[in-house]
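J.: show me the folded form of this:
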Amino acid sequence: MGHSITALIVTGEPDRAAAAEWGVEPVPLGEGRWLVPITHYFTAYRQARLGETEALDVPASFPAVFPREGVVLRLAAALTANPFALVMTDYSGGTGDQWACVFADGRRVDGIERINAALRELGVERRGELDEFDTVGLGAHRHPPDGLDRYEALCDELGV
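T.: Numbers count the residues shown, from 1 in each chain. Reported below is the predicted structural model:
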């Protein structure tokens, strides 16, 4: 079974009114963290609609579909004042990869490119034999919600 998500992971309960305004649906994880599913198309669409041009500071080695739009910082700031992680997985049949960044005060924390490291930076402590990924229950969230599919067509309509 595959695992393919792109999401923010925020600490503390996100602002529900802001989530509704942005059209995102936070999902509770373990350890006081929340998963906010997004996609590259979601961030590209939002960036274009807001007329923003800022790029997000992510490692150049990350795949092209990892969100690079600066609007991610604006979304995260609307949801929480706390540091957050931007994560992406792409696994199928046991092979694949993952990427992660942590942002605090609008700046990327250096040296973090894997999800477990990002979760540790957000204060997650492993439980027993579980790594940080499994401690917060990320394995249960394998695919983005269907509602995010529409952003691909919306990007096409905008020519983004």
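J.: give me every residue that touches Pro28.
T.: Taking Cβ atoms under 8 Å, 6 or more residues apart in numbering as the criterion, Pro28 is in contact with 34-35. Where you see a C-beta, it was placed from the backbone N, CA and C, and this is true even at glycine.
J.: cool, and Asn82?
T.: Asn82 makes contacts with 10-12, as judged by Cβ under 8 Å, 6+ apart.
J.: which of the residues you listed tops the neighbour count?
T.: Val10 (25 neighbours; other Cβ atoms under 10 Å).
J.: skip ahead from the strand or helix carrying it and say which helix or strand is next.
T.: Val10 belongs to strand 6-11 when assigned by DSSP states H and E. Scanning forward in sequence from strand 6-11 by DSSP H and E, the next helix or strand is helix 16-22.
J.: can you point out the buried residues in that next one?
T.: Buried residues in helix 16-22, defined by neighbour count with 16 or more other Cβ atoms under 10 Å: 18-19, 22.
J.: please apply the same query to stretch 59-73.
T.: By neighbour count on 16+ other Cβ under 10 Å, the buried set for stretch 59-73 is 62, 66-73.
J.: may I see the buried residues of stretch 23-42?
T.: Quick answer for stretch 23-42 (16+ other Cβ under 10 Å): 24, 26, 29, 33-42.
J.: what's the closest of these to Ala104?
T.: The closest of those to Ala104 turns out to be Arg33 (Cβ to Cβ; 15.0 Å).
J.: return the subset of the buried residues of stretch 23-42 lying in strands.
T.: Among these, the members falling in strands (DSSP state E) are 33-37.
J.: between these, which sits nearest Phe103?
T.: Scanning those for proximity to Phe103, where the rule is Cβ to Cβ, the winner is Val36, at 13.2 Å.
J.: isn't that closest one right up against Leu79?
T.: Yes - shown here, Val36 and Leu79 form a contact pair, counting by Cβ atoms under 8 Å, at 6.6 Å.
J.: need the residues touching each of these two.
T.: Common contacts of Val36 and Leu79 (Cβ under 8 Å, 6+ apart): 8, 10, 14, 19, 24, 26.
J.: isn't there a helix covering Val102?
T.: No - read with DSSP: H, G, I helix; E, B strand; the rest coil, Val102 is strand and lies in no helix.
J.: can you offset everything so residue one is 9?
T.: With the count now opening at 9, the last piece we talked about shows up as Val110.
J.: give the contact list for it.
T.: Per Cβ under 8 Å, 6+ apart, neighbours of Val110: 91-94, 116-117, 120, 126, 129-130.
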